[in-house]
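J.: Give me the fold of what follows.
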Amino acid sequence: MNSAVKDILKKVAGWPEEDQQELAELAREIEARRAGVYVLSETERAAIAEARRGAFASDDEAAAFWKRHGIA
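T.: As a prediction, the model looks like this:
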């Protein structure tokens with residue numbers, strides 16, 4: 001591991017959890033590109049499972065959302 005990576009990893013320990021998670025996701029993407037295999041995060045697995053169950057907003061729910069936000 002080069003010194004630049006070592007230095008930034010020391011700083012990462014003091015970052016907020018959200019920023020650490022973002023870095024972890026970016027590192028997973030780089031590793032997937034290098035290895036040719038992408039490993040899903042637990043959040044991605046949960047989102048896929050939700051989609052497979054058909055757990056989407058209804059048309060009425062979506063319309064209400066857009067209306068609340070002044071888009072529709």
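J.: just checking, what packs against the lengthiest helix in the chain?
T.: The helix that spans the most residues within the chain, counting by DSSP state H, is helix 17-35. Judged by 3 or more CB pairs under 8 Å, 6 or more residues apart in numbering; DSSP states H and E, the packing partners of helix 17-35 are helix 3-12. To be clear about C-beta, it is placed using only N, CA and C from the backbone, and glycine gets the same treatment.
J.: Tell me how far Leu23 lies from Ile48.
T.: Computed as CB to CB, to the nearest Å, the Leu23 to Ile48 distance reads 23 Å.
J.: So Ala57 is in contact with Trp66, correct?
T.: No - under the criterion of CB atoms under 8 Å, Ala57 makes no contact with Trp66, lying 10.5 Å away.
J.: coming back round to it: following the chain past the longest helix of the chain, name the next helix or strand.
T.: Scanning forward in sequence from helix 17-35 by DSSP states H and E, the next helix or strand is helix 42-52.
J.: ok, now which ones touch the nearest residue in space to Ala32 that is not next to it in sequence?
T.: Using CB to CB, 6 or more residues apart in numbering and skipping the chain neighbours, the partner closest in space to Ala32 is Tyr38 (3.7 Å). Shown in contact with Tyr38 (CB atoms under 8 Å, 6 or more residues apart in numbering): Arg28, Glu29, Ala32.
J.: Tell me where the model's unsure across the protein.
T.: Scanning the chain for pLDDT under 70 picks out no residues.
J.: If we use 90, what do you get?
T.: 25, 28-29, 32-33, 36-41, 50-51, 54-59, 71-72 (pLDDT under 90).
J.: how near is Tyr38 to Arg28?
T.: 8 Å.
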